[in-house]
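Trainee: here is the input, now give the coordinates:
(one chain, ligands or ions: 2)
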Amino acid sequence: MSAAVIAAVDLTKKYGDTAAVDAISFEVAPGEAFGLLGPNGAGKSTTMRMVGAVSARTSGTLEVLGLDPDEGGPDIRAQLGVVPQQDNLDTDLRVRENLLVYGRYFGLSHAQVAKRADELLAFAQLEDRARAKVDDLSGGMKRRLTIARALINDPRILLLDEPTTGLDPQARHILWDRLYRLREQGTTLVLTTHYMDEAEQLCERLVVVDKGRIMAEGSPAALIREYSTREVLELRFGTDRSAEAARTLHDLGDRQEVLPDRLLVYAHDGEAALQEVQRRGLQPLTSLVRRSSLEDVFLRLTGRSLIE
Ligand SMILES: Nc1ncnc2c1ncn2[C@@H]1O[C@H](COP(=O)(O)OP(=O)(O)O)[C@@H](O)[C@H]1O
Ligand SMILES: [Mg+2]
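Mentor: Ligands and ions are numbered 1, 2, ... in the order given. Now for the predicted structure:
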């Protein structure tokens, strides 16, 4: 197989009779920022645990850094940085100590680990919190510390499971900026998310996953080109008038989606579509023309929204 750092073929994980991950195949190239985008329960964390060599697969093949996790688990784990969905920092230790203790696990000398810890505190913008208690950090700071800790062994791949779930918008943007920097430095990133904007910001290439299966694969721009139109017209007519409006507009644009609160018209030119709505005598309460997003791709592929 090529120079891929991760290669999965028909990778499957069953819990009892149900497949949490159902025969997925993908590859990650060195230096790539690769994502798994999908809703809760799609099998993202299960996939990450198999890649991280902490959970055995049921069937299929998996290679991580050229090794089979069934045999090379310790070797693989030594070369990975892992940011799990739930922070698991040591709350008995202060911020910098978390990095020092973790670094010592990897057999780094005192001097090496101290130097690395200070670099990573700077990277994580936590220099002035070095002596703080973990419990006194905000959610965003804890995440940044978890990322710093995952980088202490200079990993060949950084795995991030839902890196910004539960953070406020400002904290998310700070984190995105840090992850973007890692991406620019050529760190191989594999991340999961159920936020389409996060996937668009951070992933060069991604797979859309749902119910343990891969629905589509590509760059954010290519996925949008393939599965959606350039623009979307969002119309609100009020609860009772939506279905009727949808009938009047059924031939407008490439296709439509009728959501509980909105009617979406997929069209190359949203403004032109809106003019046609008005020409047909319909008066929406609100209208909005926007670019298509990965949310539209997901809706097209599954008939559901990413966040329910
Ligand atoms: N340890 C487990 N035992 C049984 N079922 C599990 C276990 N872990 C995950 N699952 C199930 O597998 C499916 C995928 O879960 P998960 O990988 O956590 O999805 P995601 O991370 O995309 O939200 C879910 O239906 C979940 O309930
Ligand atoms: Mg998960």
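
Trainee: for the rest of this, base every contact and every neighbour count on C-alpha atoms.
Mentor: Noted.

Trainee: what does the spatially closest residue to Thr47 that is not a sequence neighbour show for phi and psi?
Mentor: Closest residue to Thr47 apart from its sequence neighbours, by CA to CA, 6 or more residues apart in numbering: Val21 at 6.8 Å. The phi/psi pair for Val21 (degrees, to the nearest 10) reads phi -130, psi 120.

Trainee: name whatever forms a beta bridge with Val21.
Mentor: Lys13 (DSSP bridges).

Trainee: in contact with it, which residues?
Mentor: Residues near Val21 by CA atoms under 8 Å, 6 or more residues apart in numbering: Leu11, Thr12, Lys13, Lys14, Ala42, Gly43, Thr46, Thr47, Lys211, Gly212, Arg213.

Trainee: in helices, which of the residues you listed appear?
Mentor: Thr46, Thr47 (DSSP state H).

Trainee: intersect the contacts of Val21 with the contacts of ligand 1.
Mentor: Ala42, Gly43, Thr46 (CA under 6 Å from any ligand atom).

Trainee: and of the residues you listed, the nearest to Met196?
Mentor: Ala42 (14.4 Å; CA to CA).

Trainee: the closest one is in contact with Ala20, isn't it?
Mentor: Yes - in terms of CA atoms under 8 Å, Ala42 counts as a neighbour of Ala20; the distance is 7.3 Å.

Trainee: ok, Phe298 touching Val209?
Mentor: No - if you go by CA under 8 Å, Phe298 and Val209 don't touch, sitting 9.0 Å apart.

Trainee: can you measure across stretch 21-35, start residue to end residue?
Mentor: 16 Å (CA to CA, to the nearest Å).

Trainee: enumerate the positions of that stretch that are buried.
Mentor: Of all the residues in stretch 21-35, those buried under the rule 16 or more other CA atoms under 10 Å are 21-28, 30-35.

Trainee: and stretch 280-299, by the same measure?
Mentor: Those would be Pro284, Ser287, Val289, Arg291, Ser292, Ser293, Leu294, Glu295, Asp296, Val297, Phe298, for stretch 280-299 by 16+ other CA under 10 Å.

Trainee: so which of those sit within helices?
Mentor: Per DSSP H, the subset of the buried residues of stretch 280-299 in helices is Leu294, Glu295, Asp296, Val297, Phe298.

Trainee: in a markdown table, list these along with distance to ligand 1 and pLDDT.
Mentor: Below are those laid out as a markdown table (distance: CA to the nearest ligand atom, whole Å; pLDDT from 0 to 100):
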| residue | distance to ligand 1 | pLDDT |
| --- | --- | --- |
| Leu294 | 17 | 96 |
| Glu295 | 16 | 94 |
| Asp296 | 19 | 96 |
| Val297 | 17 | 96 |
| Phe298 | 14 | 95 |
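
Trainee: Serialize the residues you listed to JSON lines and add fields for distance to Ile147.
Mentor: Shown next, in JSON lines, are those (distance: CA to CA, whole Å):
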{"residue": "Leu294", "distance to Ile147": "26"}
{"residue": "Glu295", "distance to Ile147": "27"}
{"residue": "Asp296", "distance to Ile147": "30"}
{"residue": "Val297", "distance to Ile147": "30"}
{"residue": "Phe298", "distance to Ile147": "28"}
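
Trainee: near ligand 1, which residues of this protein?
Mentor: Tyr15, Ala20, Asn40, Gly41, Ala42, Gly43, Lys44, Ser45, Thr46.

Trainee: list buried residues within those residues.
Mentor: Buried among the residues of the chain next to ligand 1 by 16+ other CA under 10 Å: Ala20, Ala42, Gly43, Lys44, Ser45, Thr46.

Trainee: turn those into TSV, columns for pLDDT.
Mentor: As requested, those are exported to TSV (pLDDT from 0 to 100):
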residue	pLDDT
Ala20	98
Ala42	97
Gly43	98
Lys44	98
Ser45	97
Thr46	98
